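>>> need a 3D model of the sequence below.
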Amino acid sequence: MTQPAERMPRCYALVPCAGIGARSGADGPKQYVPLAGHAMVAHTLAALAAVPRLAATLVVLSTDDAAFEAAVPGYGSQEATQWLARCGGSSRAATVANGLQVLAARGAQPDDWVLVHDAARCLVHPAWIDRLIDACLPDEVGGLLALPVADTLKQADAQGRVAATIDRSAKWAAQTPQMFRLGLLQRALAAIGDAPTDEAGAIEALGLQPRLVVGDAANFKVTWPGDFALAERLITTERRNA
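This next block holds a predicted model:
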């Protein structure tokens, strides 16, 4: 008797896009600031769309977002792979948790992988995402793109003076995507609430150790006012060299 084929877990991307970018200095949500002719988040979504192993990408917006469709015209036209949900929460963790519920409602299974990626990491390359997938598919926990810290680290006191120099050995700066099983990530976020600033932190709170996968310095999160000009220069340079 022929045995049914074993189901292979799928990979989904989840992009939290409900933040207001308070530190950026922009007039509105930073993900909609134009860079090289397109909204920042449009560059992010284009990179994710170029990864064939992603079954679909879910963008999670705030409930009152009225800017996305104008910023990313046509997104959602490919219904099989481009998903949108207005269910953002009061924190990143809540937004991700709500997005995971949407993925599950749309057929994603607990053993499927979810790659959570910052909307503001608009310079991510498909090759780096593929590198993360290759490293995490056989891993029991999952992992994240990250870079070993190269700069000397200083700890500040309340007056803005150096209180200590921190040993940078074995220190890594976390990036995204961060890739974990849907069911595990749901359990981790439910247990820890709004505290974690990234998904790996929630997984760590369960006593697990996510895998560190080497990312790239260009995969920085546009956060401060000066980051916009840098990101635009890099995007323009990449286009020129393509």
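
>>> ok, now how distant is residue 101 from residue 95?
Distance, residue 101 to residue 95, by Cβ to Cβ, to the nearest Å: 11 Å. For the C-beta atoms, the positions are set from N, CA and C on the backbone; glycine is no exception.

>>> likewise for residue 141?
As judged by Cβ to Cβ, residue 141 and residue 95 stand 22 Å apart.

>>> and these two? Which one has more around it.
Using other Cβ atoms under 10 Å as the criterion, residue 141 and residue 95 rank with residue 95 on top: 24 against 17.

>>> could you check how far the helix or strand harbouring the more buried one is from the centre of its chain?
Per DSSP states H and E: residue 95 is located in helix 92-105. Centroid separation for helix 92-105 versus its chain: 13 Å, with Cα atoms, centre = their mean, to the nearest Å.

>>> note down every partner strand of the helix or strand just after that helix and its orientation.
Remark: after helix 92-105, the chain's next helix or strand is strand 113-116, criterion DSSP H and E. Applying DSSP bridges, strand 113-116 is found paired with strand 11-17 (parallel), strand 172-181 (antiparallel).

>>> chain neighbours aside, what residue packs nearest to residue 113?
residue 11 (4.5 Å; Cβ to Cβ, 6 or more residues apart in numbering).

>>> check contacts around the one you found.
Contacts for residue 11 (Cβ atoms under 8 Å, 6 or more residues apart in numbering) come out as 53-55, 112-115, 133, 179.

>>> quick one on the thing from earlier: mutual contacts of residue 101 and residue 95, please.
residue 87.

>>> having no further points to raise, I will conclude here.
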